[in-house]
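Peer 1: Pasting the sequence and the predicted model now:
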Amino acid sequence: MKKRILMLLLIIFLSNLLLGCNGEKEKIRIKTLVMNELETRYEEEFEIKRMFYDQKRSKWVSEVYPKENNIDDETFFAYVKKDPKERGVENYYFMKVSNLTTIYYKPIIKKKFKGKKIYFSCGIEEHTKKKLDKYKYRTIKNLIEKNGKDVVVHFEIYIFEDVVSTEEKKEEFIKEVWELFKYLKSQNLKWASITINIYDEEFFGNKDVEHILKESNWFSSGTSEFDVFEYRRKKKYVLYIEEKDYKNIENIKDIKKRLRKLDWSLIKK
């Protein structure tokens, strides 16, 4: 009886050892595949932060980041199925193109809003990314100039100063939005959305806004440092231009109509 138990334990041990060896070999294979694929595709060097096997989806998951950038700022995931022929998918391209779009529009936004205390990010739609990949455009500028009709850009702008308390300030602000809108129209984009969030200057005046936005992921995630909901409630006004607006706006009055004051008493926590 004891011999049978010992034999069974030995079989289990050897099976686990064999599975462990095979698992490690598979992990090395996947790591090599992921690194080769990414470096060939993007002509950059990458590091893998961690790897694990997702049993539910039967996929290897690698958390990766560009070697030249901060690990906390630009990690992304690459997925590879069990099939050795599977090339895998990853979401680095979306992040890369969005970052390039933000960099491209930064001087334009800063110029249009004449040195105001603003922060912004850009998003870009799926079909735009495919166009960029397909035609091998190396810059957003080239993409817009050569294929602007397929480009959809989304702007999220945050302003941390008073731009609407007087009629004079409001007129100046609306004019700046109008100038940005006309500039985007001149690029012959398919369309663009613009969301401008205006926050309480007095509340944020002595705070490190850049750190706050990074820590809370632009007010979308909780943090132990501060009450994100309280900070979010300091948004006083919003101006929103969506697809149907973009196509129908004809003059500066149409821009002004889209500025509204927020009433937080009507918004649930």
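Peer 2: Now that the structure is in, tell me what you want to look at. Numbers count the residues shown, from 1 in each chain.
Peer 1: Next, the contact list for the closest residue to R232 other than its chain neighbours, please.
Peer 2: Closest residue in space to R232, ignoring its immediate chain neighbours: F219 at 4.9 Å, by C-beta to C-beta, 6 or more residues apart in numbering. Yep, even glycine has a C-beta here, placed from its N, CA and C like the rest. When the contact criterion is C-beta atoms under 8 Å, 6 or more residues apart in numbering, the partners of F219 are L213, V228, Y231, R232.
Peer 1: Those into TSV, with extra columns for secondary structure?
Peer 2: Written out in TSV, the entries for the contacts of F219 read as follows (DSSP: H, G, I helix; E, B strand; the rest coil):
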residue	secondary structure
L213	helix
V228	helix
Y231	helix
R232	helix
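Peer 1: Would you write a PyMOL line that selects the buried entries of these?
Peer 2: Isolation of the buried members of the contacts of F219 (16 or more other C-beta atoms under 10 Å) is achieved in PyMOL through the command below:
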select buried, resi 213+228+231+232
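Peer 1: Using JSON lines, lay out the contacts of F219 together with distance to I252 and pLDDT.
Peer 2: Output for the contacts of F219, formatted as JSON lines (distance: C-beta to C-beta, whole Å; pLDDT from 0 to 100):
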{"residue": "L213", "distance to I252": "29", "pLDDT": "91"}
{"residue": "V228", "distance to I252": "34", "pLDDT": "89"}
{"residue": "Y231", "distance to I252": "31", "pLDDT": "92"}
{"residue": "R232", "distance to I252": "29", "pLDDT": "90"}
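Peer 1: Just name the closest of the contacts of F219 to Y104, please.
Peer 2: Using C-beta to C-beta, L213 is the member of these that lies nearest Y104, at 19.9 Å.
Peer 1: Quick check: closest non-adjacent residue to that closest one.
Peer 2: Here the residue nearest L213, using C-beta to C-beta, 6+ apart, is Y119, at 5.9 Å.
Peer 1: and the one you found, what are its bridge partners?
Peer 2: Taking DSSP bridges as the rule, Y119 bridges to Y158.
Peer 1: Start at 18, not 1
Peer 2: From this message on, residue numbering opens at 18, which makes the last subject Y136.
Peer 1: what residues are up against it?
Peer 2: Contacts for Y136 were tallied using C-beta under 8 Å, 6+ apart; they are I174, Y175, F177, V226, E227, L230.
Peer 1: List buried residues within these.
Peer 2: Listed as buried from those are I174, Y175, F177, V226, L230; burial here means 16+ other C-beta under 10 Å.
Peer 1: ok so, going back, and the contacts of Y136, which two are the farthest apart?
Peer 2: Across the contacts of Y136, no pair lies farther apart than I174 and E227, at 14.6 Å, counting by C-beta to C-beta.
Peer 1: residues near R46, how many?
Peer 2: As a burial measure, the neighbour count of R46 was computed by other C-beta atoms under 10 Å and equals 13.
Peer 1: go on, the one 3 residues further on?
Peer 2: T49 has 10 neighbours, counted by other C-beta under 10 Å.
Peer 1: do R74 as well
Peer 2: By other C-beta under 10 Å, neighbour count at R74 equals 10.
Peer 1: element containing the residue nearest to I157 when sequence neighbours are not counted?
Peer 2: Setting aside the residues directly before and after it, I157 is nearest to Y121 in space (C-beta to C-beta, 6+ apart), at 4.2 Å. Using DSSP states H and E, the element containing Y121 is helix 109-129.
Peer 1: ok, and for that helix, which residues are buried?
Peer 2: The neighbour-count criterion (16+ other C-beta under 10 Å) identifies 109-110, 113-119, 121-122, 126, 129 as the buried residues of helix 109-129.
Peer 1: again with stretch 41-53
Peer 2: So stretch 41-53, judged by 16+ other C-beta under 10 Å, has buried residues I47, K48, L50, V51, M52.
Peer 1: How far off centre is it?
Peer 2: Between the centre of stretch 41-53 and the centre of its host chain there is 27 Å, according to C-alpha atoms, centre = their mean, to the nearest Å.
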